[in-house]
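A.B. asks: From the sequence below, what's the structure:
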Amino acid sequence: MHKRWYDIDPTVSLAVSLMRNANIMTQYECADLIIKISKENGINLADNILTDAFTYVLRRWYDTDQKIAEAFEYLKSLPFEIQKEAALEIINFLQEAETR
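C.D. replies: Numbers count the residues shown, from 1 in each chain. Presented below is the predicted three-dimensional model:
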């Protein structure tokens, strides 16, 4: 049994792990990418859901920043196959970011 939603798929888990280890500016760029991909795939979370999601006790590493927390709510809301495709895009983006 998986404790975290992103551990269900190894590709998504890797993308989240790499993002966690990136610097904050790269994390913000990834957050923008996640939100863009999500909106292109019809995911548009209501503002009140995001506010409610951010008001509970901060337990996860990405909860400490509202923009990153919002991006992960979008990623989490994607259908499984699109979530996996988004994870591949995140991994590629992070690999490119390392060479900049």
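A.B. asks: avg pLDDT for the longest helix seen in the chain?
C.D. replies: Assignment by DSSP state H gives helix 80-98 as the longest helix of the chain. The average pLDDT within helix 80-98 is 95.
A.B. asks: Show me which positions of it end up buried.
C.D. replies: 82-84, 86-87, 90-91, 93-94 (16 or more other CB atoms under 10 Å). C-beta coordinates here come from the backbone N, C-alpha and C atoms, glycine included.
A.B. asks: Out of these, which comes closest to Arg20?
C.D. replies: Nearest to Arg20 among these is Leu94, at 10.5 Å by CB to CB.
A.B. asks: which residue packs closest to the closest one, ignoring adjacent ones?
C.D. replies: Leu18 (4.8 Å; CB to CB, 6 or more residues apart in numbering).
A.B. asks: What residues of the one helix or strand the one you found maps to count as buried?
C.D. replies: According to DSSP states H and E, Leu18 maps onto helix 10-21. By 16+ other CB under 10 Å, the buried positions in helix 10-21 come out as 11-16, 18-19.
A.B. asks: Can you work out which other helices and strands pack against that helix?
C.D. replies: Helices and strands touching helix 10-21, by 3 or more CB pairs under 8 Å, 6 or more residues apart in numbering; DSSP states H and E, are helix 24-40, helix 80-98.
A.B. asks: Centre of the chain to it, how far?
C.D. replies: 9 Å (CA atoms, centre = their mean, to the nearest Å).
A.B. asks: Report the angle between it and helix 80-98.
C.D. replies: On the basis of axes from the mean of the first three to the mean of the last three CA atoms, to 10 degrees, helix 10-21 is oriented at 40 degrees to helix 80-98.
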